[in-house]
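J.: Let me see the structure of the following:
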Amino acid sequence: MQRRYVTVDVFTDRAFGGNPLAVVLDAGGLSTAQMQAIAVEFNYSETTFVLPPRDAGNDAQVRIFTVTREIPFAGHPNVGTAFVLATRSAKSPPRLKFEEGAGLVAVEIVQDGGRVVGAELTAPQPFTQMSQVRSEQAAACVSLSKTDVRIDGHPPVIVSVGMPFLVAELSSRDALRRATPDAAAFAQTLPCDGAFAVYLYTRDVPPAEKATDLQARMFHSGSSGLIEDPATGSATVAAAALLANLAGERDGELKLRIGQGVDMGRPSLLLTRVRKANGAIVSAHVGGGCVQMMEGTFALAGG
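T.: Numbering: from 1, shown residues only. Okay, the predicted model is just below:
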């Protein structure tokens, strides 16, 4: 059986930016082991597999695999998969709803001049704040000193809206640029509360990056060691929810433009918005542009 796939760069408006994603459109009948092997073959940070929904009221079941494991939720796979499905529809739907391990994920389709250009997801779970990590521990994970970590806004902390991440604020853009994961320190701190990755951000944005409110980087452990991700929607929306939770406003919407991937040559722009009512977070969203890169088919014996 020939199975179709599409690759797309997510959280960018140009080819070779953002975070690449492979979307397998005809995943029915594939075993979990086969999906994992296909994800290893693509060797992207994630590969998605589109299956018929269990509930006819939803649009698809989407399974997400890294090169080492299946995960319950991720940002750029949802945005990219929704973009791919919308561009292949005779009439683009205004929104899609995906069944995933973390729950139902609603994704709004973004159009410009009648053309599908991206998507925005709603995080599937409420904002959760978990363990705090000492600033020297967080700094050591990325080969920095304790003074490179700001704690006046919040200490390094694990947060989630569907996937947990250790989030730390850095004092400067220079510190963010110098960050390099240290395997020994990383292993001493993570995993913790289910978090396998550290997300770093800074408010110190230079004039050349003035189109963003924050600049960020994200490191996680993979099959080949510690890996940097060029655009991480699930971590970004969790960090945005943390900042909204800390903000003094009890009602309204906090919007942030967050750059990522700049220091690894894959510039990305992630647009977040977090809604609050009566001091509580009502919903958290992250979206951005997408660019299709490749499409094709493959045959898998026995699948």
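J.: which regions of the chain lie under the pLDDT threshold?
T.: Applying pLDDT under 70 to the chain picks out residues 222-225, 301-303.
J.: Now with 80, please.
T.: Low-confidence segments of the chain, defined by pLDDT under 80: 221-226, 301-303.
J.: domain assignment for it?
T.: Split into domains by automatic domain parsing, the chain comes to 2-122+289-299, 128-285.
J.: how about those domains in TSV, adding mean neighbour count?
T.: Quick note: C-beta positions are derived from backbone N, CA and C, even for glycine. TSV is the format used below for the domains of the chain (neighbours: other CB atoms under 10 Å):
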stretch	mean neighbour count
domain 2-122+289-299	19
domain 128-285	19
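J.: any idea which residue sits dead centre in this protein?
T.: Centroid-nearest residue in the chain, with CA atoms, centre = their mean: Gly233, separated by 2.4 Å.
J.: Contacts only, for that residue.
T.: Shown in contact with Gly233 (CB atoms under 8 Å, 6 or more residues apart in numbering): 10-11, 74-76, 78-79, 121, 270, 286, 288.
J.: for Arg3, same thing?
T.: Listed by CB under 8 Å, 6+ apart, the contact set of Arg3 reads 24-27, 30, 297-300, 303.
J.: just Val8 next, same as before
T.: Residues near Val8 by CB under 8 Å, 6+ apart: 20-21, 23, 80, 83-84, 290-293.
J.: now do Ala239
T.: Taking CB under 8 Å, 6+ apart, we find Ala239 in contact with 159, 165, 167, 199, 201, 216, 258.
J.: From Ala15, how far off is it?
T.: Noted for Ala239: a distance of 27 Å to Ala15, by CB to CB, to the nearest Å.
J.: how far is stretch 99-116 from where the chain is centred?
T.: Relative to the centre of its chain, stretch 99-116 is centred 14 Å away, using CA atoms, centre = their mean, to the nearest Å.
J.: One more: stretch 173-183?
T.: Centroid separation for stretch 173-183 versus its chain: 20 Å, with CA atoms, centre = their mean.
J.: What separates the first and last residues of it, distance-wise?
T.: Start-to-end span of stretch 173-183 (CA to CA, to the nearest Å) is 23 Å.
J.: Surely Asp59 and Lys97 touch.
T.: Yes - with contact defined as CB atoms under 8 Å, Asp59 counts as touching Lys97 (5.3 Å).
J.: Could I get the contacting residues of Gly28?
T.: 51-52.
J.: Now with 10 Å, please.
T.: Contacts for Gly28 (CB atoms under 10 Å, 6 or more residues apart in numbering) come out as 1, 3, 49-52, 61, 303.
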